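Chemist: What shape does this take:
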Amino acid sequence: MKLVLYSGGSEEENRFLNLRALELTHVKSPKLTLIPSSSYDAEDDFKFFVQEFSEFGVQRFMQFCVDTPYTKTLLQEVLKSDLIFLGGGNTFYFLKHLKKAGMFAHFEKFLKRGGVLCGLSAGAIVLTPHVHTASFPHFDRDENPWDMKNLSAMRLVNFEFFPHYKNSKRYDAELLHYSKKSKLPLYACPDGGGIIIDGEQISFSGKSHQFYQGKKLTLSNYLG
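Modeler: Residues are numbered from 1 along each chain as shown. Next comes the predicted model:
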């Protein structure tokens, strides 16, 4: 299984993760598909996506929105991609429509045949067991106007992911409190940072931190 979880940030900040994601495809001319969290502003997201990866010589791109009607033929083409990138946005909205479209089963098959699945912020959170980390802290969280109760996600990893982390007492207080109740370790990454999974190997980009059972651990061994 090949996954890349991005926190967020600029094109320059994510350069290392982008390069590593492309390397994981083991394809000279990979085909990339962006699945934005929402069709709203999707064209702008796609333009940025193309700009970001064109720098590495990528020429084949697709965009696929799960919150608008699509054909079976289009979905089949998407699943032939070498790399699928789940965009950022409102985590709850994205989760709702990914589930409605039955995409989790498709992603699992995609991964089994060797595809690379990437996610940025909300797109990374949905790869984890559930999306609880989108619900806090109270001063920086996603809204859930749909009052979604079932927050289970893809369960591709056995940890939680917290993007856009800022190393401050304010954030730490919330994360430490939450970690006392969670049975899973939580990895918090700053913008430009993230997590790379290649089979059984897991590595970190950027100065990341683990929160588990009320304790904070700074990860000293990281790439990028």
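Chemist: So the residue nearest to residue 156 when sequence neighbours are not counted versus residue 188, what's the distance?
Modeler: Ranked by CB to CB, 6 or more residues apart in numbering and with sequence neighbours excluded, the top spatial neighbour of residue 156 is residue 127, at 4.9 Å. To be clear about C-beta, it is placed using only N, CA and C from the backbone, and glycine gets the same treatment. Going from residue 127 to residue 188 by CB to CB, to the nearest Å gives 16 Å.
Chemist: now swap in residue 89 and tell me
Modeler: For residue 89, the distance to residue 188 equals 20 Å [CB to CB].
Chemist: now swap in residue 206 and tell me
Modeler: Computed with CB to CB, the distance linking residue 206 and residue 188 is 10 Å.
Chemist: Equivalent analysis for residue 173, please.
Modeler: Residue 173 is 13 Å from residue 188, where distance means CB to CB.
Chemist: Between those two, tell me which one has more neighbours.
Modeler: The residue with more neighbours, out of residue 173 and residue 188, is residue 188; 25 against 11, by other CB atoms under 10 Å.
Chemist: beta partners of the more buried one?
Modeler: In this structure, residue 188 bridges to residue 162, residue 209 when assessed by DSSP bridges.
Chemist: Please apply the same query to residue 6.
Modeler: residue 120, residue 194.
Chemist: was I right about residue 161 contacting residue 186?
Modeler: Yes - counting by CB atoms under 8 Å, residue 161 touches residue 186, with 7.4 Å between them.
Chemist: Between these two, which contacts overlap?
Modeler: Contact criterion CB atoms under 8 Å, 6 or more residues apart in numbering; residues shared by residue 161 and residue 186: residue 133.
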